[in-house]
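S.K.: coords please:
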Amino acid sequence: MPDFMDAVQDRVLAETEAAVAAQTQRAQGRTHCAAHDCGEPISPERTALGAQFCMDCQRGEEAREVHFRTWGRR
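M.R.: Below you'll find the predicted structure:
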């Protein structure tokens, strides 16, 4: 009869496998842009590198990150 620790170890193993699978899928990238209202195709080269956004949306994300990063400085 499995005890409590066996059940805990099984759950940790299952969660770890799920996290690895999710990261593997995310690292492969997407075929179409992840932006809410875009959906443009992403080139296979960028998909292989793990791209999540088309070029236009990626530029916008980077610009937004720079903008908000400057607001946090004092």
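S.K.: what about the chain, any weak spots by pLDDT?
M.R.: 1-2, 25-28, 70-74 (pLDDT under 70).
S.K.: quick one, longest helix in it?
M.R.: Under DSSP state H, the helix in the chain containing the largest number of residues is helix 4-28.
S.K.: contacts for that one?
M.R.: With contact meaning CB atoms under 8 Å, 6 or more residues apart in numbering, helix 4-28 is reached by T47, A48, G50, Q52. Yep, even glycine has a C-beta here, placed from its N, CA and C like the rest.
S.K.: Now a ChimeraX select for only the buried ones of those.
M.R.: Buried members of the contacts of helix 4-28 can be picked out in ChimeraX with the line below, counting by 16 or more other CB atoms under 10 Å:
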select :47,52
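S.K.: can I get the contacts of helix 4-28 in a markdown table with secondary structure and distance to T24?
M.R.: Output for those, formatted as a markdown table (DSSP: H, G, I helix; E, B strand; the rest coil; distance: CB to CB, whole Å):
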| residue | secondary structure | distance to T24 |
| --- | --- | --- |
| T47 | helix | 14 |
| A48 | helix | 13 |
| G50 | coil | 10 |
| Q52 | coil | 14 |
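S.K.: Having no further points to raise, I will conclude here.
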